[in-house]
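Model the following, please.
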Amino acid sequence: MTNILSSSSDTSNQCLRCFSSTAPLTLETINPKVLKCEYAVGGAIVARAQRLQDELQTKQYSLPFDEIIYCNIGNPQSVGQQPITFFREVLALCDYPALLDKDEMHGIFSSDSIWRARQILDGIPGRATGAYSHGQGIKALRETIAAGIAARDGFPANSEDLFLTDGASHGVHMIMRLLIRSEKDGILCPIPQYPLFSASIALHGGTFVPYYLNEATGWGLEISEVKHQLEAARVRGIGVRAIVIINPGNPTGQVLAKENQEEVVQFCKTEGLVLLADEVFQENVYVDNKKFHSFKKIARSISYGEKDICIVSLQSVSKGYCGECGKRGEYMEVTGLHKDIMDQLYKLASMNTCSNTSGQILASLVMNPPKSGDESFEMFCAERDGILSSLARRAKILVNALNQLEGVTCNKAEGSMHVFPRLHLPQRAIKAAEAVNMMPDAYYAQRLLDASGIVVVRGSGFGQVPGTWHFRTTILLQEDKIPAIISRWTTFHHKFMEEFCD
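Next up is the predicted model:
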């Protein structure tokens, strides 16, 4: 093997061709839909950051920074956010129910967490969190979530409409499998968008139909633009089946106005589209003049029932104030589909056997947290409100700092955990990127990482108006570290702009 690797390039290439001809899988023979998928959030820049982190740990090389700052993904607990005490107490007791019979537990766990754990276990067949559950999720937990949805929206919710999945990504894949038959089926998606959607559409063989959000109006969603893209797709022979709406926005951080949501609902009814609502950031709203409203609530409030419109809503324990990304808990509420179609969706869910029980329990706790009078209520409110108020402060600080950088403009973060600043790059920087066969925004992100250890994601991975360049960053920087990180970023940016000044 050593001789082969050290031989001439011609011999090496010949050996590689021989290997390729006998290998069971090559890039030429795997499913081409997999090759078509792109997921920038975990792409090349993250792989490079991980290599640099290994170098920091081994001290093999001297780097101009002492830690990697991951701003590429909304992963709150990885950057210091603490879990909600009540949620973790209930999980611990459910996973080790023998603790419930020990007298000393009343001095360690709150009384309401003990009561809640008993209640949850009573609803789990065999009281066994390590057993498979129903394909849609544990019935008692779905009933709890349905009650929470009804309390949030002021309209009834049905546990039979709920599917508990391992994160929102599983729910998205399920719906895409149901909707997409061939490349003639299209899905309207916002640009910029969370790349899970474009990747899922590509993987299942559909056609991605973009509609552009208006950056000049705070990433506004304009029905005229959506209608234009829908009609253009139909002219090309694409049957558009659904529209994706991300509210609050990812990567853009905007919150839709209620009137705008009503327009979307009316548009979907008129055009016969499934409304796929990514609502995982519903707890993350930082402005006083806007509130989160679920699309189902909007539809019911203007008298549209299940016979009028199909709505798929996604909620996750990874976002909001919970931040339990690793627990992979999510619910998907599906309304407006005939029972025959729901049976097919259940079949798809059952092919995964079931989602993990801890995630299911957490999803029920998020929708039914401690109430006034419960022992844990004051601590829960303090932890939840502390996290959300800190996120609001961090968003404001970061946006203000980004807008101070030469050639950077960033819209206000109304919600979500991300912002999507625009880079107005000098032509010399764009040409330098082209010279190394990179997108200009990817080039900026790589240079930022190499100089400062800060990881952001290129805007081209989310989609953007041609000829514009952006990057996505989270607002999850630890509050006490923000001044130092901003200083490091500012230093890099000034040097970068000086280097490529036209």
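
what about the helices in the stretch 401-502 of the chain?
Counting by DSSP state H, counting those that start in this stretch, the stretch 401-502 of the chain has helices at residues 427-435, 440-452, 482-499.

tell me the most buried of these?
Neighbour counts (mean count of other CB atoms under 10 Å) averaged over each of these peak at helix 440-452, with a mean of 22. (C-beta placed from N, C-alpha, C; glycine too.)

Which neighbouring elements make contact with that one?
For helix 440-452, the packing partners by 3 or more CB pairs under 8 Å, 6 or more residues apart in numbering; DSSP states H and E come out as helix 44-58, strand 422-423, helix 427-435, strand 454-455, strand 457-458, strand 469-474, helix 482-499.

just to revisit the earlier point, how about the helices of the stretch 401-502 of the chain, which one is nearest residue 112?
For residue 112, the closest of these is helix 482-499, at 35.1 Å, according to CB to CB.

coming back round to it: out of the helices and strands packed on helix 440-452, nearest to residue 286?
Across the helices and strands packed on helix 440-452, residue 286 has its closest neighbour in strand 469-474 (13.8 Å, CB to CB).

roughly how far is that closest one from the heart of the chain?
15 Å (CA atoms, centre = their mean, to the nearest Å).

so where is the stretch 1-150 of the chain shaky, pLDDT-wise?
Residues of the stretch 1-150 of the chain meeting the criterion pLDDT under 70: 1-21.

Adding mean pLDDT and distance to residue 117, write the helices of the stretch 401-502 of the chain out as JSON lines.
Shown next, in JSON lines, are those (pLDDT from 0 to 100; distance: least, CB to CB, whole Å):
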{"stretch": "helix 427-435", "mean pLDDT": "97", "distance to residue 117": "54"}
{"stretch": "helix 440-452", "mean pLDDT": "96", "distance to residue 117": "44"}
{"stretch": "helix 482-499", "mean pLDDT": "95", "distance to residue 117": "37"}
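
okay, the ones you listed in TSV with distance to residue 466 next?
Converted to TSV, the helices of the stretch 401-502 of the chain look like this (distance: least, CB to CB, whole Å):
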stretch	distance to residue 466
helix 427-435	13
helix 440-452	12
helix 482-499	23
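
To residue 150, which of the ones you listed lies closest?
That would be helix 482-499 among the helices of the stretch 401-502 of the chain, by CB to CB, at 39.0 Å.

Wait, a helix at residue 313?
No. Using DSSP: H, G, I helix; E, B strand; the rest coil, the assignment for residue 313 is strand, not a helix.

Contacts only, for it.
Shown in contact with residue 313 (CB atoms under 8 Å, 6 or more residues apart in numbering): 277, 279, 294, 295, 296, 332, 333.

From those, list just the buried residues.
Using 16 or more other CB atoms under 10 Å as the burial test, the contacts of residue 313 include 277, 279, 294, 295, 296, 332, 333 as buried.

can you confirm the first one is in a strand?
Yes. According to three-state DSSP, residue 277 belongs to a strand.

Can you tell me who it pairs with across the strands?
Counting by DSSP bridges, residue 277 is bridged to residue 245, residue 313.

ok, the closest residue to residue 421 other than its chain neighbours to residue 403 distance?
Of all residues not flanking residue 421 in the chain, residue 410 sits nearest, at 3.9 Å (CB to CB, 6 or more residues apart in numbering). Per CB to CB, to the nearest Å, residue 410 is found 5 Å from residue 403.

Quick check on these two: which one has the bigger neighbour count.
For residue 410 versus residue 403, neighbours defined as other CB atoms under 10 Å are more numerous around residue 410 (20 against 13).

quick one: low-confidence ranges for the stretch 151-300 of the chain?
Across the stretch 151-300 of the chain, not a single residue meets the criterion (pLDDT under 70).

if I pick the closest residue to residue 417 other than its chain neighbours, what's in contact with it?
Nearest non-adjacent residue to residue 417, counting by CB to CB, 6+ apart: residue 74, 4.2 Å away. Residues in contact with residue 74 (CB under 8 Å, 6+ apart) are 250, 318, 319, 325, 417, 418, 474, 476.

quick one: residue 74 is in a strand?
No. Applying three-state DSSP, one finds residue 74 to be coil, outside a strand.

which residues in this structure form strands?
Counting by DSSP state E, the chain has strands at residues 69-70, 162-165, 185-191, 207-212, 239-246, 274-278, 311-316, 330-335, 408-409, 418-419, 422-423, 454-455, 457-458, 469-474.

The longest one packs against which elements?
Read it as strand 239-246. helix 168-179, strand 185-191, helix 223-235, helix 258-271, strand 274-278.

Show me the shaky parts of the stretch 351-500 of the chain.
Along the stretch 351-500 of the chain, segments meeting pLDDT under 70 are nowhere present.

Got the confidence number for residue 337?
pLDDT, residue 337: 96.

thought it was touching residue 346?
No. Counting by CB atoms under 8 Å, residue 337 sits too far from residue 346 to count as a contact (11.0 Å).

which of the two has more neighbours?
For residue 337 and residue 346, the more surrounded residue by other CB under 10 Å is residue 337, and the numbers stand at 18 against 15.

what's the spacing between the nearest residue to the more buried one once chain neighbours are set aside and residue 120?
Nearest non-adjacent residue to residue 337, counting by CB to CB, 6+ apart: residue 310, 5.6 Å away. Residue 310 sits 31 Å away from residue 120, going by CB to CB.

higher neighbour count, those two?
residue 120 (25 against 21).

what about residue 66, neighbour count?
Counted with other CB under 10 Å, the neighbours of residue 66 add up to 7.

cool, and residue 140?
18.

Repeat that for residue 76.
Neighbourhood size, residue 76 [other CB under 10 Å]: 23.

ok now do it, which residues does it touch?
When contacts are counted by CB under 8 Å, 6+ apart, residue 76 touches 323, 325, 387, 417, 476.

Considering those residues, which possesses the most neighbours?
Greatest neighbour count in the contacts of residue 76, by other CB under 10 Å, goes to residue 417: 27 neighbours.

List the contacts of that one.
74, 76, 250, 281, 284, 319, 391, 474, 475, 476.

Can you report how many residues lie near the residue nearest to the last one when sequence neighbours are not counted?
Spatial nearest neighbour of residue 476, excluding adjacent residues (CB to CB, 6+ apart): residue 79 at 5.1 Å. If you count neighbours by other CB under 10 Å, residue 79 ends up with 17.
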